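Peer 1: Have a look; sequence and predicted model below, questions after that.
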Amino acid sequence: MSEGNSKKFISYVVPSVMAFALSGVYTIVDGFFIGHSMGDAGLAAITIGFPVCALIQSIGTGIGLSGAIRFTILGAQNEMRRQEECFSGVSVLMMLASLVLTGLLYVTAGPAMSLMGAKGELYLMAVEYVKVIAVGTVCQLLATGFVPFIRNMGGARFAMFAMILGFVTNIVLDYVFVWVMELGMAGAAWATVIGQLMTLIAAVVFFIRKKYPVTFSDFSEMRNLWIRVLKVSVSPFGLTFSPTLTLLFMNRFLFTYGNDQSVAVFGTIDYVLCIIYLLLQGVGDGSQPLISDSYGAGEYRDVRAIRLMAYKLASGISVFFMIVVFLTRTKLGPLFGASDAANVEVIYYIPWFLATLLCLSFSRITTTYFYATEKTGFSYILVYGESLLTLLMLCLLPILVPVMMPECDALTGVWLAMPTAQVLNFILALVLKKHADRELLKGE
């Protein structure tokens, strides 16, 4: 890859990583304010309710990123008219998805929280949070969906600015709503929604300034576009939502074999891991426009070179955070307002999750490469394989661990499930990458 292309890689990936770094902090802000305001109970409630917020944003990312991939490939093929139709058609699809989700999530808020194991006061707090999040679905879905388009239109820095704007707004309003006005769970949820609204407004301003034409194809072509976009969107959606899906599985089994404190402990660990996961996603999403553009133009050597740079950067980020988080692990519980007892468990268990970060970074970049080149089958396997493997390990290890290691209890098996699944998914990623590389070499 030429020096010019290396600089282009940096110009795309660095703003993306910075934006996702802020997005990672964005996701823990509610937990920080609620934890310090309402203690372990509030932290557990927001851990239970947050997956709904993550679901909305993951759907927006899935549809938006899939549309942006198609948009970039069409541009590389000089299909300008179809490129315009792609942007307009995907925008309509995201708005329709927002309307459907708003009603669905609001109506099912109570049953969903019960299904996740919430009871009593914990249930009431979680439902309060989720209902506000549901009302603001359109802001969250469109904001996260438009950011990939901005990035793929050459606005990587503006995408970072839009996410910073939402992040700062969320922090300020969390302070005002949760600490000053004491609005509790609803206040934290409104801060999240309004923060995403600010990102959405920035995105609309970008498109207006770009004067990008609104061009619609006939319904038959738009329907075909939607089918193609939705087919690919399953992968970026899964990649974004898989940590949350794992959170759901972990919460359920922690309730079964542990207690509310166990959920609060994992909530603290998950907030830290979430930042790292989003940084890795930032590397993947930042390199995606370049991979898709090179792939669309048939420049397969550049595809491999960009992917290699992404692997190296993701590995470097993983090693850095493995060291930093391990050295600061005693401070994590107090940071989120967890009790002293909960913090003892955080200190003990978090190294287990740090140990597999390098495996995870390889799997994430490989998955991004697969959906950036529209290899949907392989990307499906890796994205959903991790979650399914986690569920499988959660079912097996609490039973097997006490038998194989009598000094350990079933809860130890729950804590081991997620790291074990990530190692197994890493092995799967190696096998699929090797197979895909054979096809790529034939194209060269």
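Peer 2: Yep, it's here.

Peer 1: residue ranges of the helices in the stretch 51-200 of the chain, please?
Peer 2: Taking DSSP state H, counting those that start in this stretch to define them, one finds helices in the stretch 51-200 of the chain at 80-107, 109-115, 120-135, 137-152, 156-174, 184-210.

Peer 1: quick one: which of the ones you listed is nearest residue 431?
Peer 2: Taking CB to CB, helix 137-152 is the member of the helices of the stretch 51-200 of the chain nearest to residue 431, at 28.5 Å. Every residue, glycine included, has its C-beta placed from N, CA and C.

Peer 1: sec struct for the residue nearest to residue 290 when sequence neighbours are not counted, please.
Peer 2: Excluding its sequence neighbours, the residue lying closest to residue 290 (CB to CB, 6 or more residues apart in numbering) is residue 306, at 5.0 Å. Under the three-state scheme (DSSP: H, G, I helix; E, B strand; the rest coil), residue 306 adopts helix.

Peer 1: quick thing: my sequence starts at 694, can you match it?
Peer 2: In the new count, where the first residue is 694, that last one comes out as residue 999.

Peer 1: Touching, residue 999 and residue 985? I think so.
Peer 2: No - contact criterion CB atoms under 8 Å: residue 999 and residue 985 do not qualify, at 10.0 Å.

Peer 1: between those two, which one's more packed in?
Peer 2: residue 999 (29 against 26; other CB atoms under 10 Å).

Peer 1: Can you give me the distance of the more buried one to residue 990?
Peer 2: 12 Å (CB to CB, to the nearest Å).

Peer 1: Just the pLDDT for residue 733.
Peer 2: pLDDT, residue 733: 68.

Peer 1: same deal with residue 1039?
Peer 2: pLDDT at residue 1039 comes out at 89.

Peer 1: Summarise which helices and strands the helix or strand hosting it is packed against.
Peer 2: Counting by DSSP states H and E, the element that carries residue 1039 is helix 1033-1047. Contacts defined by 3 or more CB pairs under 8 Å, 6 or more residues apart in numbering; DSSP states H and E place helix 1033-1047 against helix 953-989, helix 993-1020, helix 1025-1028, helix 1103-1136.

Peer 1: Buried ones in it, by neighbour count?
Peer 2: Using 16 or more other CB atoms under 10 Å as the test for burial, helix 1033-1047 gives 1035, 1036, 1038, 1039, 1042, 1043, 1046, 1047.

Peer 1: Which of these sits closest to residue 1124?
Peer 2: Using CB to CB, the buried residues of helix 1033-1047 come closest to residue 1124 at residue 1046, 23.9 Å.

Peer 1: Can you tell me, leaving aside adjacent residues, what's nearest to residue 821?
Peer 2: residue 878 (4.5 Å).

Peer 1: picking that back up, quick one: which of the buried residues of helix 1033-1047 is nearest to residue 744?
Peer 2: Using CB to CB as the measure, the one of the buried residues of helix 1033-1047 that approaches residue 744 most closely is residue 1046, at 18.1 Å.

Peer 1: Highest mean neighbour count out of the helices and strands packed on helix 1033-1047?
Peer 2: Sort the helices and strands packed on helix 1033-1047 by mean neighbour count, taking mean count of other CB atoms under 10 Å, and helix 953-989 sits at the top with a mean of 25.
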